[in-house]
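Sequence first, then the predicted structure, then my questions.
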Amino acid sequence: MDRAGQIDDDDGVLAAQLEVEQIVVDDVYSRLDALREQTRAQLAQVRAVRYSGTHQARSERDSFSSLYADRLATYDAVEQRLLFGRIDLAADGQDEGSLVSRYVGRIGLSDEDHTPVLTDWRAPAARPFYQATAANPGGVVRRRHVATRGRVVTGVEDDVLDVDQLDDDARAGLSGEGALLAALGAHRTGRMHDIVATIQSEQDEIIRSDVEGVLVVQGGPGTGKTAVALHRAAYLLYAHRERLARSGVLLVGPSNAFLSYIERVLPALGETGVVSTTMSTLLPDVVATATEESAVARVKGRASMAGVVARAVAARQRVPARIQTVRVGSHDLEIRPDDVAAARGRARRAHQPHNAARVVFVRQMLSTLARQYAAQLGSEVSGEDLAGITEDVRVERDVRVALNLAWMPLTPEGLIRDLWARPERLAEAAPGMSRADRALLRRDRGAPWTEADVPLLDEAAELIGERIDPERARVAAEADAQQRAEIAYARESMQASGAGGGMVSAEMLAARFADTGPILTTAERAAADRSWTYGHIVVDEAQELSPMAWRVLLRRCPSRSFTVVGDTGQTSSGAGAHRWSDVFDTAVRGSWRLAELTINYRTPESVMDAATAVLEASARREGVELTASRVVSARDLPGALRVDAGTVEDELAHARTLGGTVAVIAPADQVVALRRRLGAPANVDLTAPVVVLDPLASKGLEFDAVLALDVGAMARGDAYVAMTRATRLLSMLGNHPVGLPRP
Ligand SMILES: Nc1ncnc2c1ncn2[C@@H]1O[C@H](COP(=O)(O)OP(=O)(O)OP(=O)(O)O)[C@@H](O)[C@H]1O
């Protein structure tokens, strides 16, 4: 056959394949539409029911209303690329060569007869789509990627895993240049997309790995750590819905820009119940916006700071040096060191936080003083009289002052501010700290909080507890009892209706029934509550976290179920980790496991090789042993690395010709001036034509083209980060790092 004839023939085969898949795609969407309509009607129906006024009727109505609203939201979120894959499996017990096809998509769908038409990508039945290889096909004869735009099939890509099983027609119809390469070559938009259609087998292993324990995923730049972490969160919510919808999942990322970069991934995977935060914004009432020297963050992040905070709290539980006399009515009473020491011992043995234990301390001291008072009366005192005397003692100003001095009610903010602003307090709480380190921590009382303060504030909050207000405590206890009753009721009504197992848990419904305050989801309630404990925590760019930050996160997940992703080659925080064993051998005593990702899906090979050469040269120079493994790029592009090719403006113009997103990454002290010079926005707006940012802010992000300026002036981890953000072009200008190969 001549070449033109061959092309005609190929075109015909492709058109036929598209037609076949279009029929399936039409069916799947019409099923989605039918379900959407059905749910919309159900929602309208429950909303139309008038309140009968009883609590039960209102609860029922609200429970169904939120259930249907959540279902509708899920159906809307999965509209794009609802179906993306097909596997043809050798049919057991059938004629040789007969195949069974299974379609894989964002959610599972069945037709009216309950026959599955689409398999959820997270279901065990979808696993062969990601796991099958030619060496180990696991019954899969062919894997097909189905590309769609809107509801139209635009292409198919086949991987044949077992050619022997295909008949001649099927063999003639093989097509595909690789859905993965097509995905990698796409322009970036400033928003991360899911990779559900092209998850690779080493990634799939991690995504579906057991929920228990701490799973650490080490991988070089662009190996899909963030993508894997997000898909794992969606997978775990699917596989452990009951447990995780109730307790919630926390996702910790490096910056707000990063959180907005990834914000669309989980909803597109049908999940909305994840709380995402940075360490700076973790505490509901603390705004930590200021930055500080790496050396300061290093001192604040040391594990030994936990002892410093504990000693600072204990130092506010003081025994006076000598007897103090206070006048109550016409009597002189003595506050004696021995009595204070005894009351303090008793309060400490209660093992409660400082403010709650203070109640024990004060009660004991008041009773001691009341007995002194009664003894001075000389006559027998009834129980009732003693109670009256105790009250007289309690309200006496001098008594209050003296007891406060012995056991001061505290706030976490006040305690930490005092440590930084009053050198004698820090010296008392940190006897082992060098004078130079203490000087580093010195700060005025009004200074704003930094990210490194957050774990210390949380540590202090843990030891100090809530401020005790008896009236508030009573109201809170009542609200608690009410909440438990609501949850029990919600669970009953969900069971009675056959609902549940979906996006809504009894707790979420109960929160929505409550007629006080706004309707809150688990995620919203968790985010507003410092002491909330999560069912699972995902940490991205985890190498940046200090030992003190890990204490905060471990407290928030008593079951120790974590997905930790990061790269010790990219560490830039002074308090961060250079070896995972340093973090977890002590923190979770060996109950952690390490997985590795080795293929870089972002950076062209020539750029990745240059970044690796620079990292290794700088580690050699600094005498540091690199613990991260080398990565291999999935592809290369000619001309992807440029060094000193032109001015900043020239290189920007060149970058723009490539299309997609463009960033300039420069040392932090140049960013403001560069933004002005290039007319870039003053913050990190990933949708702007040019984003100017420092290496820290660029963590976790990627752009089609990156101009990296003065990389030679950046620290080792920062330089490595800056050089590995580009998907098409890295242009380096200015002061270059040691070890940079010339293209
Ligand atoms: N299986 C895949 N299919 C398609 N694209 C993928 C796949 N895995 C990763 N990618 C893409 O590779 C890029 C890098 O992924 P990601 O940001 O998750 O890497 P990372 O390891 O977190 O990188 P870094 O540590 O450098 O921030 C993203 O654009 C992601 O969508």
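Now that the structure is in, tell me what you want to look at. Numbers count the residues shown, from 1 in each chain.

Where does the stretch 1-150 of the chain get nearest to the ligand, which residue?
Tyr130 (9.1 Å; Cβ to the nearest ligand atom). All C-beta atoms are positioned from the backbone trio N, CA, C, and that covers glycine.

Enumerate every residue touching that residue.
Ile199, Gln200, Ser201, Gln203, Asp204 (Cβ atoms under 8 Å, 6 or more residues apart in numbering).

The second one against Leu184, yeah?
No. If you go by Cβ atoms under 8 Å, Gln200 and Leu184 don't touch, sitting 11.2 Å apart.

The stretch 151-300 of the chain against the ligand: which residues are in contact?
180, 183-184, 195, 198-200, 203, 219, 221-227 (Cβ under 6 Å from any ligand atom).

Can you tell me which of those end up in strands?
Among these, the ones falling in strands (DSSP state E) are Gly219.

which of the residues of the stretch 151-300 of the chain next to the ligand count as buried?
180, 184, 195, 198-200, 203, 219, 221-227 (16 or more other Cβ atoms under 10 Å).

Could you tell me how far the top helix by length along the chain lies from the centre of the chain?
Looking across the chain with DSSP state H, the single longest helix is helix 3-48. Centroid separation for helix 3-48 versus its chain: 35 Å, with Cα atoms, centre = their mean, to the nearest Å.

how about the residue most central in space within the chain, what does it touch?
Centroid check for the chain by Cα atoms, centre = their mean gives Leu251 as the closest residue, at 1.2 Å. By Cβ under 8 Å, 6+ apart, Leu251 lies in contact with Ala229, Leu230, Ala233, Val274, Val275, Ser276, Thr277, Ile537, Val538, Val539, Asp540.

which non-adjacent residue is nearest the second one?
Once its chain neighbours are removed from consideration, Leu230 has its nearest residue in Val265; the separation is 4.7 Å (Cβ to Cβ, 6 or more residues apart in numbering).

ok, and what's touching the strand or helix carrying Val216?
Using DSSP states H and E, Val216 sits in strand 214-219. Applying Cβ under 8 Å, 6+ apart, the set of residues contacting strand 214-219 from outside is 206, 209, 225, 228-229, 542, 560-568, 580, 584, 588, 591-598, 628-629, 631.

if you set the cut-off to 6 Å instead, what comes out?
Residues outside strand 214-219 that contact it (Cβ atoms under 6 Å, 6 or more residues apart in numbering) are 206, 209, 225, 562-565, 580, 588, 592-597.

and if you look at stretch 29-45?
Under Cβ under 6 Å, 6+ apart, the answer for stretch 29-45 is Tyr68, Arg71, Leu72, Tyr75, Leu109, Val117, Arg151.

Report the mean per-residue pLDDT for it.
Mean pLDDT, computed over stretch 29-45, is 93.

same question, stretch 408-417
Rounded mean pLDDT across stretch 408-417 is 94.

Could I get the buried residue list for that stretch?
Residues of stretch 408-417 classed as buried: Met408, Leu410, Pro412, Glu413, Leu415, Ile416, Arg417 (neighbour count, 16+ other Cβ under 10 Å).

Am I right that Gly569 sits in a helix?
Yes. Secondary structure assignment places Gly569 in a helix (DSSP: H, G, I helix; E, B strand; the rest coil).

got a list of what the residue nearest to Leu230 touches?
Met192, Asp194, Leu230.

and the stretch 451-600 of the chain, which residues reach the ligand?
Checking the stretch 451-600 of the chain against the ligand by Cβ under 6 Å from any ligand atom, the hits are Asp567.

Can you give me the pLDDT of the residue of the stretch 451-600 of the chain found nearest the ligand?
Nearest residue of the stretch 451-600 of the chain to the ligand (Cβ to the nearest ligand atom) works out as Asp567 at 5.1 Å. Asp567 carries a pLDDT value of 92.

Tell me which of the buried ones among the residues of the stretch 151-300 of the chain next to the ligand fall in helices.
Leu180, Leu184, Gln203, Lys225, Thr226, Ala227.

Report the separation between the residue nearest to Leu83 when sequence neighbours are not counted and Val141.
Nearest residue to Leu83, sequence neighbours excluded (Cβ to Cβ, 6+ apart): Gly105, at 4.3 Å. Using Cβ to Cβ, to the nearest Å, one gets 20 Å for the distance from Gly105 to Val141.
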